[in-house]
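> Take a look and give me a structure for this.
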Amino acid sequence: MKLSLKKEGESLLMPLAGKPALVSAMVVMTVFAAFDYPEYAPILLFPVALATFVVSPTIQKTILCFLLIGVASHLIFTHQTIMQRELKAPQSSGCGFVEEVLPRPKGTAFIIQGPQQKVRLTYKGKNAGKLPLPGDSVCYEASFYPVLPPTVPGAFDTEGWLKSQGLAGYGKLIKFKIISSQWTPERSFYQFRRWIKSRFSEFLDPAETGLLLGLLAGDKSGISEMLRSDFQRSGLVHVLAISGFHVVLLAGMLMIMLKATGLPIRVARIVAIALLFLYVPVTGGSPAVRRAVLMFVVPQIGYLLERPASTLNSLGVALLFILLPEPSVLWNPGFQLSVAATAGILIGGKYNPFKNLPDFLTQSKVWNKFQGFVLEPTFVTLCATLATSPFLIHHFKTLSPFAWLGNIVVVPAISWGMQAGLFALMSPLNLILEHDFLREYFCYAARFFLRLAALLTRFLSNSSMASITVGPFEPIFLLAIGVLILLLPLLQANKIARMYGFTTLLLFSLVFLVQSYTQIKKPQWKLTVIDVGQGDSILLTTPSQRHFLIDAGENGYRDSGKDIIVPYLHHIGVLQLEALIITHPDADHFGGAKSLLQTFPVKELWISSCARVEEKKDWQNTITEALGRRVKIRQIHRGFAWSENYFQIQALHPNEQKCGETNFDSITLRAKGLGKSALLTGDLSLAGEKDITKTNIYLQSDVIKLGHHGSKTSSGTHFLQKTNPQIALISSGRKNRFKHPHKQVLQRLDSLKIPYLNTAEKGTIQLFFTQDSLWVETMM
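All right, here's what the predicted structure looks like:
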């Protein structure tokens, strides 16, 4: 039995034979992960220890050697990084050295290294005059933005981003003075990127120039926010970030052109290696670019030394060169996705199901074209999708069902556009002719393919199902899924792989059954006041896990729908909204609704009959968006109710027969279940409160969301007395210009001894209701 298991173990590790660099990289990554997540260390290190007993003595020495190297690297470089990050808050004025200049859609960002810390400052002046260049020494005055912890689960972590970039702060550059200048390599790379832009902008629109510059040089400042969103939702955002796809295309073109010059093949390889190493800093030197370039360079060096290299081993070499001096890169999402996609494609290629087909198929021209244009791209996309799915679920809680189709139809168009752009860049006719018609025609060709790609991407992303929620899952579950995906090709031939697969699926099933049983045996419902600033957005989750969103925040300096609410819904695992309820057509309540309807599945839109006829243009555009997406519009009023077991939502206001000013007509709901209740008032005015109290409607509730963000025009004493809540909730923005909540309202709450929570102070507020308890959780 032991001998059989050992043979099975050797068979399982056979694909790693002859790939010492890949084995070493896997060991190093395991050590780094065990250091950073010590709670998972036994689980992570156990397979390494187990594998050591079934491999050859040479591989055993390699594993032990790189275990020690990984430990030393993590201790040395991570300690240095921590020391660099423990910096004081930056001063509003100072002097420093400009390391990088980063064009942005609304200004220019400068990375400035001071005597003790590094900062990022953005200049938005219209009459900028001469801006600093990389290599300039400057003195500056700046206004730094406050660095606050995330106030919504799943929101962007500013503090974490600053630490990952080694920055002490970021802000607005008010004034600057250039003290001196000196040449640095980055100065030349920056000017080269500007030259590339000038070569395109003469014949292309700014949008097309920006897209080409992003695809070829890594400067994404000219890519519109809408186009980025389309690529992200359709699962094609990897196309916009320079990585393996771009480097492979560039390297292939380089080799073809160098061979066409008549250079000896060895010289051509050396020139290609040198040019690609220069390409890394031109694009910003992201981990994905470094990985792709190194994977090209290693086989080329192998050919020069007449020792052909394995592609998987080349991946291992690239990982070692990137990770050992910079262990924190392991947790970079772009790096993880790039490596996972590459590994998935390489491993999948070794088990390509189309390699050994019957002769009658391989001899058919129709079949060969179908296989080359449809089946093989689909298989490659499937391999990359499976390999990256655990990382996509962990970081973004989403997957894109249409990504495979996008890779088949959009990526070729992007590839052809990039090739046309490269030929336009290399046209020499401007040296001898006044009008460079060759560059012009190549630019027009690039325009056609890029517009085609943008059109196809818009078509794919236009469905609310383009991006679906998956998860959330604990990291340990995703790790188990990742290992299972890695073992898929071996399930049929290896007993250990089959045992692992069966055990994993069994454990997942048990966890699912336990969670389902707990949900039925101990039902609860939840109310979440999402921190959208000076606006309203409340998520109701019923005991059966149906979700109702009441209002969608504002669309001011940020769109609450796509920037805050949708990421939050993905983060907590919401698949679909049963209904989006807009209490009244004020911009701070419906502002994010249109983008939410565009990017998230919604079954119904609930509004009042009074709001249906409101003529505000943005509001009518929201209604039109809902109708265009076949979202059922339900007009609700006093007397309407929606219910399920243990839970009910009642509409208390407005009266169907009586419409007044906007806040008077605000939909007021009372949610009740499991013996607990909450009153949600939107922007209900004092007059609206009086209209409700004149009826015999039962108002007493455990929780009340104060009307109009705590304005003195809402939350009258009599209404609060009738409600008699245990706690009051206020949704308002930090340092808002209306000074909400008003001190009179707070005095009313104090006089009635009603405690309150404000999103401006506590961030997102979550309340959980069970049969015998109510408890609160806040972000701050």
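
> pLDDT (mean, whole number) over stretch 470-490?
Across stretch 470-490, pLDDT averages out at 87.

> what's next to it, contact-wise?
For stretch 470-490, contacts defined as CB atoms under 8 Å, 6 or more residues apart in numbering pick out 11-12, 15, 37, 40, 43, 347-348, 350-351, 386-387, 389-394, 397-399, 494, 497, 500-501, 504, 507-508, 511, 571-573. In this view, the C-beta of every residue, glycine as well, is placed from N, C-alpha and C.

> so where's the longest helix in this protein?
helix 495-521 (DSSP state H).

> Now do the helix or strand just after that helix: everything it contacts.
Going down the chain from helix 495-521, the next helix or strand is strand 525-529, by DSSP states H and E. With CB under 8 Å, 6+ apart as the test, strand 525-529 has contacts from 537-543, 646-647, 671, 673-674, 676, 678, 703, 705, 729, 731, 759, 764-769.

> before we move on, what about stretch 326-338?
29, 32-33, 36, 73-74, 77-78, 81, 164, 238, 241, 243-244, 286-288, 291-292, 322-323, 388, 391-392, 395.

> and what of stretch 118-127?
With CB under 8 Å, 6+ apart as the criterion, stretch 118-127 contacts 90, 96, 99, 104, 106-112, 131, 140, 142, 144, 165-173, 176.

> Just the buried residues of those.
With burial judged by 16 or more other CB atoms under 10 Å, the buried subset of those is 90, 96, 107-112, 131, 140, 142, 144, 167-171, 173, 176.

> from the contacts of stretch 326-338, which would you call buried?
By 16+ other CB under 10 Å, the contacts of stretch 326-338 give 29, 32-33, 73-74, 77-78, 81, 238, 241, 243-244, 286-288, 291-292, 322-323, 388, 391-392 as buried.

> hang on, the earlier thing: show the buried residues in the contacts of strand 525-529.
537-543, 646-647, 671, 673-674, 676, 678, 703, 705, 729, 731, 759, 764-769.

> Please narrow those residues to those residing in helices.
Of the buried ones among the contacts of strand 525-529, the ones assigned to helices by DSSP H are residue 759.

> Next SSE downstream of the lowest-mean-pLDDT helix or strand in the chain?
Every helix and strand in the chain was compared by mean pLDDT, DSSP states H and E; the lowest is helix 79-85, with a mean of 49. For helix 79-85, the following helix or strand on the C-terminal side (DSSP H and E) is strand 93-104.

> tell me the mean pLDDT for that next one?
Rounded mean pLDDT across strand 93-104 is 90.

> neighbouring contacts of that strand?
108-115, 118-119, 122, 131-142, 179, 186, 190, 219, 221-222.

> And the buried ones among the residues you listed, selectable in PyMOL?
Applying 16+ other CB under 10 Å to those leaves a buried subset, and the PyMOL line that selects it is:
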select buried, resi 108+109+110+111+112+114+118+119+122+131+132+133+134+135+136+137+138+140+142+186+190+219+221+222
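
> Next step: the contacts of strand 93-104 restricted to strands.
Mapping the contacts of strand 93-104 onto strands (DSSP state E) picks out 108-113, 118-119, 122, 136-142, 179.

> Break down the stretch 601-750 of the chain into its helices, ranges please.
Under the criterion DSSP state H, counting those that start in this stretch, the stretch 601-750 of the chain contains helices at 609-612, 617-628, 686-693, 717-723, 743-751.

> Alright, that wraps it up for me.
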